[in-house]
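# okay, here's the prediction I keep looking at, along with the sequence it came from:
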Amino acid sequence: MSVCRNLSTFSTCAALSLWILFVVAWPVQSQLGSENKVMDNITVRQGETVLLRCEQGDTVTHTAWLNRSSILYAGEDKWSVDTRVSLVALNQMEFTIKIENVDMADEGLYVCTVQTSTRPRTTSVYILVQVPPKIINLSREIVVNEGSNVTLMCQASGKPEPSISWNFLSNSEDLASEEELLKISSISRQGAGTYECTAVNGIGTDVQTVDITVNYAPTITEGRDIGATLGQKGVLECEASAVPEADFEWYKDDRRIFNGLNGMELVSTGALSKLTFFNVSDGDFGNYTCLAINKLGSSNTSFLLYSQFRMAT
């Protein structure tokens, strides 16, 4: 059943090759006679294996499978250099080849040409390759100042073309979009967090995330006046919300307080600053100001350390 095997001369083999190319060059419309058949499209997912089967017959003298203008197999002789293409069966009943690990480049028209004792006939089939979505262009992590306009981009490839959706994962507010671009006007500090892009096309799903950091000036959120007893311990606390985190300064009247001054301890960790008096004296009572500062601004508030008499026992 080989095309060129058992042929005595090279010219005969060359002539057969020209016959194969001539058959492929026929317009598909002219091949729709009683001995020519167009099969239904074969739909296959990227990475899968596809089988191409062509019916034979007792009167077949030569047969070949072709992809567009390329010969894949001529009888038992493999012409394709693609290692993914192999022969499955060649007998009086069928001529079947397979293509493994199908990719987008494999999509297209495939033709089985059969030479009989009377005339050539063809079987045509079109392979459609479906590709799961893959996000190929996603905005990187963004750092902006509060009040800025923000645009996030998410683009994906795939076949069929994927649809894109956005969701905000870091807040209970319902923020969603079905566009490649997610536009946020005058972003607030509540808009900071993780945004999720999802690409779907019915074949698969791809999900990726991007984080937005929103910088804003400090706002002192916690602090109150404290009563203390002479000779005992007293603590003033100042808490500030800020991005980046705030630096803290403490003042009594116009005099800045440093750690260790007059036995006081000043410790700031994250959003909280503590001014501790280990042995409160009369001179410690009074008004204290906490100042929270970052590169976007500052905020301050005052606290009163007042005398609280010890009750007699």
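Ah, there it is.
# quick check: buried residues in stretch 96-110?
Across stretch 96-110, burial judged by 16 or more other Cβ atoms under 10 Å covers 96-99, 102, 106-107, 110. No exception for glycine: its C-beta is placed from N, CA and C like everyone else's.
# same deal with stretch 54-64?
Applying 16+ other Cβ under 10 Å to stretch 54-64 flags 54, 56, 60, 62-64 as buried.
# ditto for stretch 78-86
Those would be 79-80, 85, for stretch 78-86 by 16+ other Cβ under 10 Å.
# got a list of contacts for that stretch?
With contact meaning Cβ atoms under 8 Å, 6 or more residues apart in numbering, stretch 78-86 is reached by 67, 70-73, 87, 97-101.
# switch to 7 Å and redo it
Under the contact criterion Cβ atoms under 7 Å, 6 or more residues apart in numbering, stretch 78-86 has outside partners 70-73, 87, 97-101.
# which of those fall within helices?
Within the contacts of stretch 78-86, no residue falls in helices by DSSP state H.
# beyond the helix or strand harbouring Ala240, next helix or strand please.
Secondary structure from DSSP states H and E places Ala240 in strand 234-243. Of the helices and strands lying after strand 234-243 in sequence (DSSP H and E), the nearest is strand 247-252.
# adjacent strands (with direction) for that next one?
strand 255-257 (antiparallel), strand 286-294 (antiparallel) (DSSP bridges).
# got the angle between that strand and strand 234-243?
140 degrees (axes from the mean of the first three to the mean of the last three Cα atoms, to 10 degrees).
# what's the domain layout of this structure?
As given by automatic domain parsing, the domain ranges for the chain are 10-132, 139-216, 223-307.
# redo those as TSV? Include mean pLDDT.
Below are those laid out as TSV (pLDDT from 0 to 100):
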stretch	mean pLDDT
domain 10-132	81
domain 139-216	92
domain 223-307	93
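# any chance of the strands paired with strand 247-252 in TSV, with mean neighbour count and distance to Ile136 too?
Compiled in TSV, these are given as follows (neighbours: other Cβ atoms under 10 Å; distance: least, Cβ to Cβ, whole Å):
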stretch	mean neighbour count	distance to Ile136
strand 255-257	12	54
strand 286-294	19	37
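# go through the ones you listed and name the closest to Met153.
Of all those, strand 286-294 sits nearest to Met153, with 29.1 Å by Cβ to Cβ.
# list the contacts of the closest one.
With Cβ under 7 Å, 6+ apart as the criterion, strand 286-294 contacts 217-218, 220, 223, 236, 238, 240, 242, 244, 246-252, 273, 275, 298-305.
# with stretch 296-304 instead?
Contacts of stretch 296-304 (Cβ under 7 Å, 6+ apart): 145, 215-220, 223-226, 236, 240, 287-292.
# mind running it again at 10 Å?
145-146, 215-227, 236-238, 240-244, 246-247, 249-251, 275, 285-293 (Cβ atoms under 10 Å, 6 or more residues apart in numbering).
# buried sites along it?
Buried, per 16+ other Cβ under 10 Å, within stretch 296-304: 298-299, 301, 303.
# what does stretch 224-240 give?
In stretch 224-240, counting by 16+ other Cβ under 10 Å, buried: 226, 228, 234, 236, 238-240.
# what do you get for stretch 162-179?
Result for stretch 162-179 [16+ other Cβ under 10 Å]: buried residues 162-168, 177.
# tell me the buried residues in stretch 248-268?
Quick answer for stretch 248-268 (16+ other Cβ under 10 Å): 248-250, 252, 257, 264, 266, 268.
# what's the farthest-apart pair in those?
Taking Cβ to Cβ, no two of those sit farther apart than Lys252 and Ser268, at 16.8 Å.
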